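Chemist: Turn this into a structure:
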Amino acid sequence: GSNGLQNFAGGFFDLNPFGPGEYGIWVVKFNERLTWVLLVGWTLVALASVLTFLLIRSPWGRVVKAIREDEDAVRSLGKNVYWYKMQSLVLGGVFGALGGFVFAIVNQSVQPDNYGTAFTFFCYTALLLGGVARVLGPVIGSMIFWFLLQLTDVALRQAISADYIPESVLVGNEVGQVRLMLVGLGLALLMISRPQGILGDKREVAVSARR
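Modeler: Okay, here's the model as predicted:
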C-alpha cells in the first residue's frame, strides 16, 4: 500500500561472502553490505548485456530489427509482428525487474513515490545519453548520468559553503532543482550536437526518423 515495505532484504545480506570492513580502490571504498550489492548488481548487468548481445545477433534479433525498420515488410513475409513485439516487451520488463530488485535492496525500502515521474525521466535520460542501438549504451549512459547528477550536487553545495555562490543567488535547499536544470541543459545540448548519443550510430537515428 501507500506505506510501502521496509527491512525486507535480510535473507539477501545473509548470503554476503564479505566480512565486516571496507572494500574498494584508493578513495573509492564501500562497506561490506554495499560491496555485496554492487557485486550482484554488476553481475546482473554483465549477464543482461551478454544476453542482449547474443539475441540481437540471432535470427530473432534480426527479425526485431527488421520490424523496427519496416514493420509492413516483415508482416508480408508471414512473421507475427505482434508476437515479436510482445516478446521484446517481456524481455525489457525482466531487465527492468532485475534493476528494481537491486534498487529496492540497496535502499532497504520501497515506497510508491520512489517510482514516480522523475525516476522514469532518469531512465530515459540514461538511455538517450548512452546512445541508441548499442548494447552498452544504457550502461555507459547511466554511469555518466548519475556521476554528473552527483557531481553537480556536491559542487553546488561546496560552492555555497565556500561563499563562491552567495545565498542571494542560491541556497542549499534549492540545489536539488538546480542540478536537474543543469543536467537537463547539458542533455539538451548533447541532443543538438550528437542526437544519436555518445555511443549511438547516426544511421540508426536516420532509420527512426524515416519511420
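Chemist: ranges for the helices of the chain?
Modeler: Under the criterion DSSP state H, helices of the chain are mapped to 10-14, 32-56, 59-69, 71-76, 81-107, 117-130, 137-161, 175-193, 202-210.
Chemist: what's the distance between the residue nearest to residue 33 when sequence neighbours are not counted and residue 39?
Modeler: The shortest distance from residue 33 to any non-neighbouring residue, by Cβ to Cβ, 6 or more residues apart in numbering, is to residue 13 (5.9 Å). All C-beta atoms are positioned from the backbone trio N, CA, C, and that covers glycine. Between residue 13 and residue 39 the distance is 12 Å, computed by Cβ to Cβ, to the nearest Å.
Chemist: Which of the helices of the chain comes out lowest on mean pLDDT?
Modeler: Mean pLDDT across those is lowest at helix 202-210; the value there is a mean of 59.
Chemist: just checking, residue 129 touches residue 145?
Modeler: Yes - with contact defined as Cβ atoms under 8 Å, residue 129 and residue 145 form a contacting pair (5.5 Å).
Chemist: between these two, who's got more neighbours?
Modeler: residue 129 (26 against 21; other Cβ atoms under 10 Å).
Chemist: Give the full set of residues in contact with the closest residue to that one other than its chain neighbours.
Modeler: Distance criterion Cβ to Cβ, 6+ apart; nearest residue to residue 129, sequence neighbours excluded, is residue 141 at 3.8 Å. Contact partners of residue 141, counting by Cβ atoms under 8 Å, 6 or more residues apart in numbering, are 125, 126, 127, 128, 129, 130, 131, 197, 198.
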